[in-house]
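Chemist: I need the structure of the sequence given here:
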Amino acid sequence: MFLLGKILYFLGAVFAIPMLVGFLYRDEGAYIFSICMIFILAAGFFLKNTVKPVSAQYEISNREGILTVVLTWVMAAILASIPFMASGMLDPAGAFFEAMSGLTTTGATALPEIEGWPVSLLFWRVWLHWIGGLGIIVIFIALLPGISGSAAHLFNAESSGFEGEKIVPRLQKTALLLFKIYSLITAVTAALLLFCGLDLYDAAVHAMSAVATGGFSHYNDSVAHFRSAGVEMVLGIAMFVAGGNFALYFNVRQRGLRVLLRNDEFRWYLVLFLSLTGLVTASLVSHGHGMESGFRDAFFQVASFISTTGYVSADYDQWPSFAKICLVLLYFTGACAGSTAGGIKISRFVVLLRGIGVSVSKVLHPREARPILYNGRKVENNVLGLVLTFFALYIAIIILFSTAIAFTGEDIITAVTAVAACLSSVGPGFGTVVGATGNFSSLTPAAKIMLAFVMMLGRLEMYTVLILFSRNFWQGQSRW
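Modeler: Residues are numbered from 1 along each chain as shown. Next up, the predicted model:
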């Protein structure tokens, strides 16, 4: 409760930016965000000063860290939904869905019409992307010091992948370096978009959304609104870069570009991106697209899907089946661990495929002792077991929640692709309801709440949330 009080201070400060945008554009959001900020800061003051830790040096356990992270995300989504409800934009279920979609950088929207709403509230959606992209907890650790060693449990509960490497020994310094890299890539993207002819507001909004791999835009037709090859190229590159491991980018600064090509995951990421861009381009050209337009659409949509951003520059529902299957595959692969992207992560696919290769080899040579290598190091059996369990759990969640969404009355294509899109943080699905030209506004309140929960599962990589449903988590007395 003490930590949640401190985090509420940070969340209250987050409301200040859209409040200033509201005053700048003189819309109703200025007063909504002002009241929200005062309320949240007061709640933070109450919690922080009512509940005190045992001592100034008290460090929370792993269990307390996990619970704090999950409660922070739920609390942040509830608070972030208040402006949507107060403005009359959405009902409570739709507002919670929109807020969770923003914070988890999913980019699925429950708004039937985007244009015409107050500027500050539309900016709020994208600002949630940027705050949630790197992670509420990571930014909190970077900007608000003084949590001592407790921060490690918060950081680990939010981190993706299975390597768990730190850039530098001190965790707060690590978080601050990640935040600086994140901010720098955003600033460079915005500057390039300005060079392509966008105004400052459009450039800033779409840069934040692309680098956070979120996908929210304040135009109904997303990036297709600009009809600019330059804008699509800049955003495509930004999405691809944001899908890489940010810790790896820090190492590039230290040891040069060769670090990227020596990393197993990034090599596979690059090869997968280039291969699918070529295959989708070939599919589109063979069905009547010109070479230039085919490559442009393929490059942008593959970058959007592999980074789980969800930006749309063309109606991919009208594409050939082969091209659509290529995009569906990217629902599951996602990008790199340590990025702002969702999905299973390419590192897990690398380990899985190499594990399959070793298993097949052992059928031919039973006595062979060949280890599974990842970045030149042996993958231990327990890590391989976790990777396999993650795959099984991922598929099980898609099946379970697709069945539940179908029970609310949605067709099977809508149900399956909506759940896959929310779990992988891609955003748009396939079909007329949640596809490239659709949205999630017509879904029932129950379906929206379930999908919001799926988004959080995907953002926190499932285990962090699902462990709360274990009896041992609550009954155990150890401080693990």
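Chemist: Count the residues that sit near the residue nearest to residue 43 when sequence neighbours are not counted.
Modeler: In space, and not counting its chain neighbours, residue 43 is closest to residue 8: 5.5 Å by C-beta to C-beta, 6 or more residues apart in numbering. For every residue, glycine as well, the C-beta is placed using N, CA and C. Close neighbours of residue 8, defined as other C-beta atoms under 10 Å, add up to 24.
Chemist: same deal with residue 229?
Modeler: Under the neighbour criterion other C-beta under 10 Å, residue 229 is assigned a count of 15.
Chemist: Next up, the contacts around it.
Modeler: Taking C-beta atoms under 8 Å, 6 or more residues apart in numbering, we find residue 229 in contact with residue 296.
Chemist: How about residue 336?
Modeler: Counting by C-beta under 8 Å, 6+ apart, residue 336 makes contact with 161, 243, 244, 245, 248, 265, 266, 269, 345, 346, 347.
Chemist: That one: what secondary structure?
Modeler: Here residue 336 is recorded as coil under DSSP: H, G, I helix; E, B strand; the rest coil.
Chemist: Excluding chain neighbours, what is closest to it?
Modeler: With sequence-adjacent residues excluded and distances taken as C-beta to C-beta, 6+ apart, residue 336 is closest to residue 245, at 4.5 Å.
Chemist: and if you look at residue 17?
Modeler: Closest to residue 17 by C-beta to C-beta, 6+ apart is residue 127, at 5.9 Å.
Chemist: Give me the helices and strands touching the helix or strand that neighbour falls within, please.
Modeler: Using DSSP states H and E, residue 127 falls within helix 119-134. With contacts taken as 3 or more C-beta pairs under 8 Å, 6 or more residues apart in numbering; DSSP states H and E, helix 119-134 sits against helix 16-25, helix 29-50, helix 62-86, helix 92-103, helix 171-195, helix 200-211.
Chemist: Comparing the ones you listed, which comes out most buried?
Modeler: helix 92-103 (a mean of 26; mean count of other C-beta atoms under 10 Å).
Chemist: and residue 344, what pLDDT?
Modeler: pLDDT recorded at residue 344 is 89.
Chemist: let me redo that: residue 80
Modeler: So residue 80 comes in at 94 (pLDDT).
Chemist: just checking, it touches residue 101?
Modeler: No: counting by C-beta atoms under 8 Å, residue 80 sits too far from residue 101 to count as a contact (10.1 Å).
Chemist: how many other residues sit next to the residue nearest to residue 336?
Modeler: For residue 245, the neighbour count with other C-beta under 10 Å is 25.
Chemist: Make 117 the starting number, not 1.
Modeler: Renumbered: residue one is now 117, and that last one reads residue 361.
Chemist: That one contacts residue 380, correct?
Modeler: No: in terms of C-beta under 8 Å, residue 361 does not count as a neighbour of residue 380; the distance is 11.1 Å.
Chemist: Which residue ranges of the chain form strands?
Modeler: Assigned by DSSP state E, the strands in the chain fall at 489-490, 493-494.
Chemist: Quick check: the gap between the residue nearest to residue 238 when sequence neighbours are not counted and residue 507.
Modeler: Leaving aside its sequence neighbours, residue 238 sits nearest to residue 334 (C-beta to C-beta, 6+ apart; 4.2 Å). Counting by C-beta to C-beta, to the nearest Å, the gap from residue 334 to residue 507 is 37 Å.
Chemist: Count the residues that sit near the closest residue to residue 517 other than its chain neighbours.
Modeler: In space, residue 517 comes closest to residue 535 once its chain neighbours are excluded; the distance is 4.6 Å by C-beta to C-beta, 6+ apart. Neighbours of residue 535 under the rule other C-beta under 10 Å: 27.
Chemist: what does residue 587 give?
Modeler: Residue 587: 7 surrounding residues under other C-beta under 10 Å.
Chemist: got it, and residue 582?
Modeler: Residues contacting residue 582 under the criterion other C-beta under 10 Å number 14.
Chemist: roughly how far apart are it and residue 419?
Modeler: Shown here: residue 582 relative to residue 419, a distance of 31 Å by C-beta to C-beta.
Chemist: One more: residue 536?
Modeler: As judged by C-beta to C-beta, residue 536 and residue 419 stand 19 Å apart.
Chemist: These two: which has the busier surroundings?
Modeler: Neighbours around residue 536 and residue 419, counted as other C-beta under 10 Å, are more numerous at residue 419. The numbers are 29 against 23.
Chemist: Pretty sure the more buried one sits against residue 355.
Modeler: Yes: using C-beta under 8 Å, residue 419 is in contact with residue 355, at 4.5 Å.
Chemist: what touches both of the two?
Modeler: The contact sets of residue 419 and residue 355 overlap at residue 425 (C-beta under 8 Å, 6+ apart).
Chemist: need the helices for the stretch 267-416 of the chain, in chain order.
Modeler: Taking DSSP state H, counting those that start in this stretch as the test, the helices found in the stretch 267-416 of the chain are 267-274, 287-311, 316-327, 345-358, 362-371, 374-378, 380-402, 407-422.
Chemist: Helix or strand with the lowest mean pLDDT in this structure?
Modeler: Each helix and strand of the chain was given a mean pLDDT (mean pLDDT, DSSP states H and E); the minimum falls on helix 267-274 at a mean of 63.
Chemist: Can you give me every residue that contacts the residue nearest to residue 133?
Modeler: Here residue 243 is in contact with 130, 133, 134, 218, 324 (criterion: C-beta under 8 Å, 6+ apart).
Chemist: and what of residue 382?
Modeler: Contact analysis of residue 382 by C-beta under 8 Å, 6+ apart lists 360, 361, 364, 376, 452.
Chemist: Could you name whichever residue is most remote from the centre of this structure?
Modeler: What lies farthest from the middle of the chain is residue 483; by C-alpha atoms, centre = their mean that is 43.2 Å.
Chemist: Next, that residue: phi, psi?
Modeler: Residue 483 adopts backbone torsions of phi -90, psi 0, taken as degrees, to the nearest 10.
Chemist: and it, how far is that from residue 489?
Modeler: From residue 483 to residue 489 the distance is 19 Å (C-beta to C-beta).
Chemist: Same check on residue 203?
Modeler: 54 Å.
Chemist: ok, those two, which is more surrounded?
Modeler: residue 203 (18 against 14).
Chemist: What are the boundaries of the helices in the stretch 467-596 of the chain?
Modeler: Remark: helices assigned in the stretch 467-596 of the chain by DSSP H, counting those that start in this stretch are 497-523, 528-539, 561-575, 579-582, 587-591.
Chemist: elements contacting the second one?
Modeler: I take that to be helix 528-539. Using 3+ C-beta pairs under 8 Å, 6+ apart: helix 528-539 touches helix 437-449, helix 497-523, helix 561-575.
Chemist: which of the residues in it are buried?
Modeler: 530, 531, 532, 533, 534, 535, 536, 537, 538, 539 (16 or more other C-beta atoms under 10 Å).
Chemist: shouldn't residue 219 be in contact with residue 192?
Modeler: Yes: with contacts counted by C-beta under 8 Å, residue 219 reaches residue 192, the gap being 5.8 Å.
Chemist: Pull up the overlap in contacts between the two.
Modeler: Shared contacts of residue 219 and residue 192 (C-beta under 8 Å, 6+ apart): 248, 252.
Chemist: Out of the contacts of residue 243, flag the one nearest to residue 405.
Modeler: Nearest to residue 405 among those is residue 324, at 30.8 Å by C-beta to C-beta.
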